[in-house]
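1. sharing a sequence plus its predicted fold:
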Amino acid sequence: MDLVDKLRSQKIRVLEIPKWGPYLRKQWENHFASHLDLNEKSAIHMYDSGWFCGYLWHLFSYKRKDCLEGEKAIEAFNQEFKKDCYLFYQHSDYALLVENADAMNFNHLVEEIGEDIYIVDKEFRWTFVMTHETDYCGPYFSRG
């Protein structure tokens with residue numbers, strides 16, 4: 001069962017927004033990494049197209065923004081009140097708007113492990129990030 005079906009089976013309303021990925025990644029960067037200048041973002045490989053592949057979550061792995069990691073991040077995400085959220089990926093334009101998402105928790109995302117996935121409330125006040133580096137980096141939870 002894919003993620004959309006899994007969420008819908010829990011009576012969570014999900015709208016697919018297939019071309020919103022670039023917009024949401026830029027908004028995420030604007031809200032969570034606005035304290036860094038272009039040189040600082042480059043130093044943590046947020047924009048690389050080579051070996052490090054330009055991951056937004058490097059903001060957390062390079063300790064440039066306070067966050068919870070691992071089990072503490074999962075617990076914070078599960079306990080966070082989630083009204084409407086965006087869910088998007090690092091390397092895809094595909095995204096979702098998850099409405100009345102309070103029932104959504106980490107267990108819904110287990111099949112997404114190995115992907116770089118970002119969940120953020122509609123106002124970009126908090127974020128939960130799962131990385132493809134599941135044994136080394138993340139997941140992360142942070143407030144804007």
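-> Yep, that arrived.

2. contacting residues around the spatially most central residue of the chain?
-> Centroid-nearest residue in the chain, with Cα atoms, centre = their mean: Y118, separated by 1.3 Å. Residues counted as contacts of Y118 (Cβ atoms under 8 Å, 6 or more residues apart in numbering) are 24-25, 28, 56-57, 86-90, 127-129. Backbone N, C-alpha and C define where each C-beta goes, glycine included.

3. counting only helices, which of those make the cut?
-> 24-25, 28 (DSSP state H).

4. quick revisit: so the residue nearest to the centre of the chain, which of the three states?
-> Using DSSP: H, G, I helix; E, B strand; the rest coil, the secondary structure recorded for Y118 is strand.

5. again with L15
-> Of the three states, L15 takes strand under three-state DSSP.

6. not counting sequence-adjacent ones, nearest residue to it?
-> Nearest non-adjacent residue to L15, counting by Cβ to Cβ, 6 or more residues apart in numbering: L97, 4.4 Å away.

7. double-check that the one you found belongs to a strand.
-> Yes - under three-state DSSP, L97 sits within a strand.
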